[in-house]
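Student: Sequence plus predicted model, see below.
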Amino acid sequence: MFQVTKVIHFCYGHRLLNYEGKCKHPHGHNGRVEIELCSDRLDDRGMVYDFSDISKKVKVWIDEKLDHQMLLCEKDPMVSYLEEQEEPFFVMKENPTAENIAKLIFEYTASLGLPITKVTLWETESSKAVYSASNG
């Protein structure tokens, strides 16, 4: 099995609903996402997938949709306030935990037809969440 991993850095803000602790308040992260693609064979160029093509498809989407955005659950009352203030935000169906952000990026990448197997989101230098095809 061949594997390639593209690393993408982006900044985002979020807050967590139904959470007791500091993360219930708006705050930000300098995130690092690792996008892993696998294949049992290489293309005619000898690649699983070209790194620049991953950037063109996935990094551009992250830059446009997630970078420097407040990631909020659709149930968060802050959504209507940010709409009124014309501030940038991105709405998720789920609570914007590191786990759910990793899943969001995984599902977007899969929707493009890329042979994705795993997304790792580093929320801090010492904390990461993983979503993979084998998660079920």
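Tutor: In hand now; what should we look at? Residues are numbered from 1 along each chain as shown.

Student: which strands and helices sit next to the longest helix seen in the chain?
Tutor: Of all the elements of type helix in the chain, the one with the most residues (DSSP state H) is helix 98-111. Under the contact definition 3 or more C-beta pairs under 8 Å, 6 or more residues apart in numbering; DSSP states H and E, helix 98-111 sits against strand 27-39, strand 89-92, strand 116-124, strand 127-132. (Glycine included, C-beta is placed from N, CA and C.)

Student: for the ones you listed, which one ends up most surrounded?
Tutor: Using mean count of other C-beta atoms under 10 Å, the stretch among the helices and strands packed on helix 98-111 with the greatest mean number of neighbours is strand 116-124 (a mean of 20).

Student: now that strand, how far from the centre of its chain.
Tutor: In terms of C-alpha atoms, centre = their mean, to the nearest Å, the centre of strand 116-124 is set 7 Å apart from its chain centre.

Student: Tell me the neighbouring strands of that strand, and mark each as parallel or antiparallel.
Tutor: According to DSSP bridges, the neighbouring strands of strand 116-124, each with its direction, are strand 27-39 (antiparallel), strand 127-132 (antiparallel).

Student: mind saving the C-alpha coords of the shortest one as CSV?
Tutor: Okay, so that is strand 127-132. Extracted as CSV, the C-alpha positions of strand 127-132 are listed here (Å, rounded to 0.1, in the frame of the first residue of the first chain):
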residue,chain,number,x,y,z
SER,A,127,-3.6,17.5,21.2
LYS,A,128,-4.9,15.9,18.0
ALA,A,129,-8.1,14.2,16.8
VAL,A,130,-8.2,11.5,14.1
TYR,A,131,-11.0,10.5,11.7
SER,A,132,-10.3,7.6,9.4
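
Student: chain center to it: distance?
Tutor: Average the C-alpha atoms of strand 127-132, do the same for its chain, and the two points are 10 Å apart (C-alpha atoms, centre = their mean).
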